[in-house]
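here is a sequence with its predicted model. Questions after.
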Amino acid sequence: MIDRKSLRLAATLMVVGQILYIFVTLFHTGGEANDHPAIFAAYAASEMWTVVHVGQFAYMAILLAGLFALFFSLDVQTGTARWAGRFGAASAVVALALCGGVLAVDGVALKQAVDAWAKAPDAEKAARFASAETMRWLEWGMRSYENFTLGVAVLLFAAAVVRMNWIPRQVAYLMGPSGLTYLVQGWVAGSEGFSQTHTVAIVLSEGLNLSWMIWLVMFAWRMQGDADPG
């Protein structure tokens, strides 16, 4: 039996989490992220830094909770789809842990480092700047692995969903490219940091996410009662 309430919860959590994450990120201090002297000065002057990053973590946690809950909604008992769903759920948990680490480095450690650099006397500025760059590079590494893990989670769930004969396959076909864009983000963040290529990959992933999440939530809320997948 298909549990429509569980599917509705999972789909709603994902789409709400993604929309709120995009919204709160609009308030993130902007600029050329790889131009460290300029962007660190902007970060030091930011008054909303902590609120934005707490919001980003909270909303990503909602999104990943929905992705994790999707495993229970699918309720696959046997076969490849069952293992894909299990490993997808495990990857979602790891992605949440890495997301918390990334935002702790970015939202707390990097902010403290750039504030110390901005306030330091001239004789200490070089050392303080080096410390801030170290925090940034640590963020690159953690963001890279978070993106890889999240990409794997989405791809595994796409593999599980495509084998479900009661969910529109178009959902899985959009999940696949979405997962790939996360893998691209992971590679770019680890190799060149937060470049324009990384930004383009983020925009693509968010657009694809909204496409398949909205499709899934509309399908879930249109379902009439519990059904037998046959």
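That came through, no problem.

count of neighbours near residue 30?
When neighbours are counted by other CB atoms under 10 Å, residue 30 registers 9. Yep, even glycine has a C-beta here, placed from its N, CA and C like the rest.

correction: the previous question concerned residue 28.
If you count neighbours by other CB under 10 Å, residue 28 ends up with 16.

is it in a helix, a strand, or coil?
Three-state assignment for residue 28 (DSSP: H, G, I helix; E, B strand; the rest coil): coil.

state the distance from it to residue 137.
Relative to residue 137, residue 28 is positioned 19 Å away (criterion: CB to CB, to the nearest Å).

for the most centrally placed residue in the chain, which non-adjacent residue is spatially closest?
Centroid-nearest residue in the chain: residue 60, 5.9 Å away (criterion: CA atoms, centre = their mean). Once flanking residues are discounted, residue 60 sits nearest to residue 99: 5.1 Å by CB to CB, 6 or more residues apart in numbering.

I'd say the one you found and residue 53 touch.
No - because the distance of 10.9 Å does not satisfy CB atoms under 8 Å, residue 99 is recorded as not touching residue 53.

quick check: residue 32 is in a helix.
No - counting by three-state DSSP, residue 32 is not found in a helix; it is coil.

now for the spatially closest residue to residue 75 that is not a sequence neighbour, how many residues are close by?
Using CB to CB, 6+ apart and skipping residues adjacent in sequence, the residue nearest residue 75 is residue 3, 6.6 Å away. Using other CB under 10 Å, the number of residues around residue 3 comes to 16.

and residue 129, by the same measure?
By other CB under 10 Å, the residues close to residue 129 number 19.

separation between it and residue 173?
Noted for residue 129: a distance of 46 Å to residue 173, by CB to CB.

so, low pLDDT: which residues of the protein?
For the chain, residues meeting the criterion pLDDT under 70 lie at 1-2, 77-78, 224-230.

so where's the longest helix in it?
What stands out as the longest helix in the chain, according to DSSP state H, is helix 122-161.

please name every helix or strand in contact with that helix.
If you count contacts as 3 or more CB pairs under 8 Å, 6 or more residues apart in numbering; DSSP states H and E, helix 122-161 packs onto helix 36-45, helix 49-74, helix 79-104, helix 111-119, helix 169-192.
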